[in-house]
Every structure is written in structure tokens, then in C-alpha cells.
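[1] requesting a structural model of the entry that follows:
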Amino acid sequence: MEQFVVGIDVGGQTTKIGVVDARGDVLSQVVIRSDIYGADAAAYLDALAEAVKKCIAQAGKEGQIRGIGVGAPNGNYYTGTVAFAPNLAWAAKESVEFAKLLSERMDGIPVSLTNDANAAAVGEMTYGAARGMKNFIMITLGTGVGSGIVINGQVVYGHDGFAGELGHTTAVRNNGRQCNCGKQGCLEAYCSAIGVARTAREWLEMSVEPSLLRECDTISSKDVYDAAKQGDALALRVFEYTGNLLGRSCADFVAFSAPEAIVFFGGLARSKEFLNAPIEKALNDNVLPIWKNKVKIVYSQLKESDAAILGASALAWEL
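    I've put the predicted structure just below:
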């Protein structure tokens with residue numbers, strides 16, 4: 001009997017679930033909210049298990065699921081836990097035995113877990129823009145800033161399973177913004193979708209400059225993108241500032257792993273027409289001459305949900 005796996009991408013706002021076959025085709029998808037359960041991990045896991053069962057039923061693959069792979073913020077490949085994830089209220093202040101608890105709710109189907117950005121990196125290496133690459137860094141630009149580091153074809157987990165938290169390296173050292181992780185000045189506080197919206201709001205408050213963004217009740221990163229598309233000067237400067245910070249940080253990342261490429265993925269990466277030039281300039285202005293104009297900046301070729309789902313699903317084939 002042919003077997004199938006389930007890939008799950010847990011994000012700060014939504015969780016995407018897909019049933020995947022051995023060719024890497026996503027046969028069915030279901031999306032649920034990740035952010036409506038407060039600190040109640042059990043309630044979230046109950047809802048997730050029901051959604052997984054629904055997704056399996058939609059694909060008509062009941063009884064044929066080999067395993068479940070999950071990519072989640074602060075997901076630990078070694079322990080199967082999601083621990084102290086600042087963008088997940090139900091795991092922000094504790095360690096949740098995610099893999100074990102989900103497996104129990106799925107009648108014993110085995111579950112493997114990793115960091116969400118690591119899952120996206122595996123998906124991109126197998127099916128997307130990083131095919132054929134053995135050394136690259138995946139940067140996910142969404143609610144937060146995640147990363148997956150691949151060296152010699154292997155995801156770097158470190159001794160404790162938490163390696164690769166590049167979003168929580170310091171991008172602004174003097175009077176940096178408070179990050180949800182508890183630190184100040186983190187890259188995530190500036191270069192996530194939330195960070196871009198915050199930059200726009202702060203700059204509007206500090207000036208009387210005309211801007212289309214003044215017409216928005218609450219400003220989102222999409223609002224900034226839409227304004228930039230219409231040539232709004234302030235919105236364009238927000239992206240230039242964001243890209244500059246990203247490029248400078250990427251220069252630091254290049255120094256420790258000498259990647260062939262840096263791959264950007266996630267909702268904010270769709271703004272590449274405004275981010276790419278400042279990222280490339282800041283990167284090449286800040287690397288050693290041996291890497292200048294050598295590291296490629298590329299963007300995911302997969303549908304936004306598919307890279308993380310496919311990457312997570314790859315874990316399940318190993319179960």
C-alpha cells in the first residue's frame with residue numbers, strides 16, 4: 001500500500017497542514033489559527049489534531065499516513081518540544097512536549113519536529129531555489145525572523161537543538177527596540193513584518209511628512225508595501241532601511257558559514273522589489289573582499305505555504 005506523510009508549518013498567526021506523497025505533491029491543505037488559544041497549549045493541540053484528521057480525510061488517505069513532520073518556532077529536533085517561543089502564546093513561557101502530545105492525539109502516528117525555518121530550508125533544498133546547494137542560509141521573513149543554516153548538505157542543530165536563531169542576533173546595539181524574546185535590538189524587531197509596520201508608525205509619529213500611510217487606521221507591512229507600490233516616499237524609505245539592516249546582518253552570517261546563497265522566504269519576502277537592492281548593497285559593503293559579490297541573494301520559488309510543509313514532511317519520511 002502506498003504511504004503518505006503530513007507536513008505541518010506552525011506560524012505565529014496561522015498553522016498550515018498538508019498531506020504529501022512520495023513525489024512531493026501536496027494533495028490537500030488545511031489552515032487553522034495559531035494565535036487564538038492564549039496560553040492553552042492543550043486547546044491548540046486539540047484543534048491541530050482535528051485539523052490534521054480533516055486534512056487526511058480530504059486527501060482520502062486514512063490509514064495510509066506513515067508519519068507527521070512539524071516545523072515550529074523554537075521547535076527542537078532532538079527533544080520534540082516547542083520551548084519559550086515568543087510569538088506563540090501557548091509556548092511562550094514553558095516547554096511543550098509537542099511531538100509526544102500530538103502523536104497521542106493522532107492515535108500513535110509518529111511525529112518528528114524541527115524549527116520552522118529549518119523545515120523551510122529542507123523544503124527549499126529539496127524542491128525549490130536551493131536545489132543542488134549544499135551550503136546556504138534560509139531566512140524566513142514573517143511574523144518573526146527565522147533562519148535555517150545548511151552546511152555540507154546538513155541542517156545545523158547545535159548541541160541542544162536550537163542553533164540558527166539569527167533573528168535574535170543584535171541588529172541595533174544602541175537603544176534598540178525591545179524584542180518579544182526579552183532582548184533589545186534583535187533583527188526580528190526590525191525586519192519582520194511586525195518590525196516593518198512599527199518602523200512606519202514610528203516615522204509617521206516623528207514627522208509631518210505627507211504619506212498614504214496616514215490614511216490607514218492600523219498600519220501593517222502590507223499597507224507599507226501597497227504605499228511603496230504607489231511611490232510613497234516614506235514607505236520606500238522604510239523598505240530601504242529594512243533592507244539595509246538585513247544586508248548588514250547577512251554580511252555577519254556570511255562570515256561564519258560562507259554560504260553559496262542566502263534564500264529569503266515568507267510573506268515579507270514578497271516585497272523583494274523594494275528590499276533586494278538595499279540588501280545586496282549592504283551585504284557587499286560589509287563583507288570581507290573574499291566574499292564581495294560572491295554570495296547570491298535568492299527568493300523562494302515555492303508557494304508560500306509549500307516550502308515549510310514540504311520541508312516538515314521530509315522529517316516524516318525518516319520515521
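[2] now do the strands in the protein.
    Secondary structure of the chain (DSSP state E): strands at 4-10, 14-20, 26-33, 65-72, 82-83, 95-96, 111-115, 136-141, 145-151, 154-155, 261-265, 296-299.
[3] and those strands as JSON lines, adding mean pLDDT and mean neighbour count?
    C-beta here means a position set from N, CA and C on the backbone, and glycine is covered the same way. Conversion of the strands of the chain to JSON lines gives the following (pLDDT from 0 to 100; neighbours: other CB atoms under 10 Å):
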{"stretch": "strand 4-10", "mean pLDDT": "96", "mean neighbour count": "28"}
{"stretch": "strand 14-20", "mean pLDDT": "96", "mean neighbour count": "23"}
{"stretch": "strand 26-33", "mean pLDDT": "96", "mean neighbour count": "17"}
{"stretch": "strand 65-72", "mean pLDDT": "96", "mean neighbour count": "26"}
{"stretch": "strand 82-83", "mean pLDDT": "95", "mean neighbour count": "23"}
{"stretch": "strand 95-96", "mean pLDDT": "96", "mean neighbour count": "19"}
{"stretch": "strand 111-115", "mean pLDDT": "94", "mean neighbour count": "26"}
{"stretch": "strand 136-141", "mean pLDDT": "95", "mean neighbour count": "28"}
{"stretch": "strand 145-151", "mean pLDDT": "94", "mean neighbour count": "26"}
{"stretch": "strand 154-155", "mean pLDDT": "94", "mean neighbour count": "16"}
{"stretch": "strand 261-265", "mean pLDDT": "95", "mean neighbour count": "24"}
{"stretch": "strand 296-299", "mean pLDDT": "96", "mean neighbour count": "17"}
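[4] nearest to Glu165, out of these?
    Across those, Glu165 has its closest neighbour in strand 145-151 (7.1 Å, CB to CB).
[5] could you give the angle of that closest one to strand 111-115?
    Using axes from the mean of the first three to the mean of the last three CA atoms, to 10 degrees, the direction of strand 145-151 lies 100 degrees away from that of strand 111-115.
[6] just checking, what packs against strand 145-151?
    helix 116-127, strand 136-141, helix 233-257 (3 or more CB pairs under 8 Å, 6 or more residues apart in numbering; DSSP states H and E).
[7] minimum distance to Asp306: which of the strands of the chain has it?
    Across those, closest to Asp306 is strand 26-33 (CB to CB), at 6.0 Å.
[8] return the closest one as CSV; C-alpha atoms alone will do.
    The C-alpha trace of strand 26-33 is given here as CSV (Å, rounded to 0.1, in the frame of the first residue of the first chain):
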residue,chain,number,x,y,z
VAL,A,26,0.8,18.4,-1.6
LEU,A,27,-2.5,16.5,-2.0
SER,A,28,-4.7,18.6,0.4
GLN,A,29,-4.2,21.5,2.7
VAL,A,30,-6.0,22.9,5.8
VAL,A,31,-5.2,26.1,7.6
ILE,A,32,-6.1,27.0,11.2
ARG,A,33,-5.2,29.9,13.5
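[9] chain center to it: distance?
    Relative to its parent chain, strand 26-33 has a centroid offset of 17 Å by CA atoms, centre = their mean, to the nearest Å.
[10] which residues touch it?
    4, 7, 13-21, 47-48, 51-52, 54-56, 58-59, 61, 305-306, 309-310 (CB atoms under 8 Å, 6 or more residues apart in numbering).
[11] turn the strands of the chain into JSON lines, columns for distance to Tyr127.
    Compiled in JSON lines, those are given as follows (distance: least, CB to CB, whole Å):
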{"stretch": "strand 4-10", "distance to Tyr127": "11"}
{"stretch": "strand 14-20", "distance to Tyr127": "10"}
{"stretch": "strand 26-33", "distance to Tyr127": "10"}
{"stretch": "strand 65-72", "distance to Tyr127": "14"}
{"stretch": "strand 82-83", "distance to Tyr127": "25"}
{"stretch": "strand 95-96", "distance to Tyr127": "29"}
{"stretch": "strand 111-115", "distance to Tyr127": "16"}
{"stretch": "strand 136-141", "distance to Tyr127": "13"}
{"stretch": "strand 145-151", "distance to Tyr127": "14"}
{"stretch": "strand 154-155", "distance to Tyr127": "15"}
{"stretch": "strand 261-265", "distance to Tyr127": "12"}
{"stretch": "strand 296-299", "distance to Tyr127": "14"}
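[12] for Arg214, find the nearest of those strands.
    Nearest to Arg214 among the strands of the chain is strand 136-141 (25.1 Å), distances taken as CB to CB.
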